[in-house]
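>>> Sequence plus predicted model, see below.
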Amino acid sequence: MKPVKRVAAIVLAATISMSAMQSGALAVEAAEQTAWQQTAVQQTAVQFTGFVHAGQQIGEVPFVLGQDIVSLTAQMPQALSVILADGTTMDIPVSWICLGDYANTDDFYYQFVPQWDMTAYSPAGVLDSATGVPYVVAQRTDSAQTASEDGVMQSQQNANKNASTIFSFLIKNCNFHAAAACGILANIECESNFNPACWGDRGTSYGICQWHNERLTAMQNWCAGHGYNWKELTGQLYYLRQELSGNTNRYLYNGLTIANKLRAKANTAKGAFDAGYDWCYYYEVPANRGARSAERGNKARNRYWPDFSGKTVTEDPTPGDSHKPVYNVFSDIRKGAWYCSAVQFVYDKGIMNGTGDGRFSPNDRLSRAMVATLLYNLSRSRCGCTVKSPANARFSDVPAGAWYATPVRWAVSAGILGGSSNGKFNPSGVITREQFATALYHYAKKLGRNVSASASLDRFSDSANVSSGARAAMQWAVAKKIVNGTDQKMLNPKGSLTRAEAAQMIKSFVSAVA
């Protein structure tokens, strides 16, 4: 992640414009939603209503770091088709302007948009760089030789492999859907071409996200303190997850962290664009960020969504990872605690993560939305517990864009969790120990497992408190050693489920049914 550059786009425009061209008005970070707008200025000019390929990528040209912009733009079309008022088309001569700071940054791709002689050809209305004109992408080809301080060279084959690994990590370990992951991939490609050994910004930023200054130091220190190598992809991915889990003002806006903002996007091509846009706009924050954000949104929608939206994530996203002890990952997990091995299990499998600020919060209560999410993660983990579900349940209190919407629909449609009343799910409601045991009981049945095992509950002093509707599930859970009772030989069936208890029950469940 690079610091904000303050090189005015109008200066850049002047350096690349042909002397015969008169550029339109440039709005640099004042509006921040468009790089520029061109409007009619001459009544005597040929009037046109728009471009034939407005808002579309019409080409991709190669460049190498340090290449002069004149030779770069010479590869781009020198004329574009416009639509006249009578519906016919004609070609007009154009030159090209970069939406980013090409002269002062070292990104791996840039988006270029056209400009033209306004005295000769005038649009009937306002055209902006986001939707009103075609664009060309310039892609670095020397990324195959991006060197680190250690002389590590990045091949395009490795870049593609790393992109797949990062996508899998974002899905399995960070609970992003495909559209959100595609948006992040588009940004990481621009920052580093997926090279964890990439130095940028004249040797001051490093890694896949180009961490800079104090954030680079923070990444180095965190990796060292948690047993990761800060120069390697695995360490950087786990640090990224840790960084995004922090509920700090730096990543908080409108009540949502950037991670939850992306999770709330639709899992569609448009959602991929929106995710790429927001990640750039709120997390990367480059100069002229409105235009750069649209550029990366386009990359997410047009490149990564077609390639990755149907990808089945089956491979280990961090091959070779040694699964660092959770007591070295979370400050509130004590080595030897009764739940330590269970937390290790659910963390390694990507079923449960921390709660932010380096904590797991083992004694926190779980809401119904959280339980739906961890069961959904269990189904997607490599534990032999995959459950297919149409995920078509709908509830008036589960917004379509909520971070828990897909898990809730999956769990209810599969018959693992039930709704509340009056068409509601009650996502913020707490879940009890007997309710979670019942959910696991239904989960086992959905897996096709025999759930006839039954143990007497009489040895527990509070067995009478078990609800009649949960008794068969609790008898099964006790027989399978999924529920063992508390130290006081009590089931505590109506007690609120804690994160530590959920981790232990999940671990025991997998052992019993997988």
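Good, I have the coordinates.
>>> helix/strand/coil for N158?
Secondary structure for N158, judged by DSSP: H, G, I helix; E, B strand; the rest coil, is helix.
>>> Count the neighbours of it for me.
17 (other C-beta atoms under 10 Å). For every residue, glycine as well, the C-beta is placed using N, CA and C.
>>> Report the residue spans of the chain with pLDDT below the cut-off.
Scanning the chain for pLDDT under 70 picks out 1-43, 129-130, 143-157, 245-256, 311-323, 357, 401, 487-488.
>>> hmm, 50 instead?
The chain contains residues with pLDDT under 50 at 1-35, 144-154, 247-255, 314-322.
>>> how does it divide into domains?
45-140, 157-309, 326-513 (the TED database).
>>> quick one: secondary structure of R215?
Per three-state DSSP, the secondary structure class of R215 is helix.
>>> Same question for Q504.
Under three-state DSSP, Q504 comes out as helix.
>>> Over to D117?
Put simply, D117 is coil when judged by three-state DSSP.
>>> Is it in contact with V46, as I believe?
No - contact criterion C-beta atoms under 8 Å: D117 and V46 do not qualify, at 10.1 Å.
>>> Give me the more crowded residue out of those two.
Set D117 next to V46 and count neighbours by other C-beta under 10 Å: D117 wins out with 18 against 13.
>>> show me where the stretch 251-400 of the chain has strands.
Residue ranges of the strands in the stretch 251-400 of the chain, as given by DSSP state E, counting those that start in this stretch, are 252-253, 256-257.
>>> most packed of the domains of the chain?
For these, the largest average neighbour count (mean count of other C-beta atoms under 10 Å) is found in domain 157-309, namely a mean of 21.
>>> for that one, the distance to its chain's centre please.
Computed by C-alpha atoms, centre = their mean, to the nearest Å, the separation of domain 157-309 from the middle of its chain amounts to 7 Å.
>>> cool, stretch 504-514 as well?
That offset, for stretch 504-514, works out to 29 Å (C-alpha atoms, centre = their mean).
>>> Contacts only, for S379.
Taking C-beta atoms under 8 Å, 6 or more residues apart in numbering as the criterion, S379 is in contact with 385-387, 410.
>>> go again using 7 Å as the cut-off
385-387 (C-beta atoms under 7 Å, 6 or more residues apart in numbering).
>>> how near is it to C385?
6 Å (C-beta to C-beta, to the nearest Å).
>>> what does N160 give?
Look at N160 and C385: by C-beta to C-beta, they are 31 Å apart.
>>> A342 too?
Counting by C-beta to C-beta, the separation of A342 from C385 is 16 Å.
>>> Now distance to D101 too, for the contacts of S379, in TSV please.
Below are those laid out as TSV (distance: C-beta to C-beta, whole Å):
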residue	distance to D101
C385	49
T386	46
V387	49
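>>> Quick check: phi and psi at A54.
phi -60, psi 130 (degrees, to the nearest 10).
>>> if I read this right, it contacts D128, doesn't it?
No - contact criterion C-beta atoms under 7 Å: A54 and D128 do not qualify, at 10.1 Å.
>>> what packs against whatever helix or strand E60 lives in?
Assessed by DSSP states H and E, E60 sits inside strand 57-63. Helices and strands touching strand 57-63, by 3 or more C-beta pairs under 7 Å, 6 or more residues apart in numbering; DSSP states H and E, are strand 135-140.
>>> what's the angle from the strand it packs on to strand 57-63?
20 degrees (axes from the mean of the first three to the mean of the last three C-alpha atoms, to 10 degrees).
>>> Touching strand 135-140 from outside, list them.
57-65, 72, 76, 96, 108-113.
>>> Return the alpha-carbon coordinates of stretch 228-238 using CSV.
Extracted as CSV, the C-alpha positions of stretch 228-238 are listed here (Å, rounded to 0.1, in the frame of the first residue of the first chain):
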residue,chain,number,x,y,z
TYR,A,228,5.8,-16.3,10.3
ASN,A,229,8.4,-15.1,7.8
TRP,A,230,7.3,-11.6,6.7
LYS,A,231,8.9,-12.0,3.3
GLU,A,232,6.7,-15.0,2.4
LEU,A,233,3.2,-15.2,1.1
THR,A,234,1.8,-17.2,4.0
GLY,A,235,3.0,-14.7,6.6
GLN,A,236,1.7,-11.8,4.6
LEU,A,237,-1.7,-13.4,4.2
TYR,A,238,-2.1,-14.1,7.9
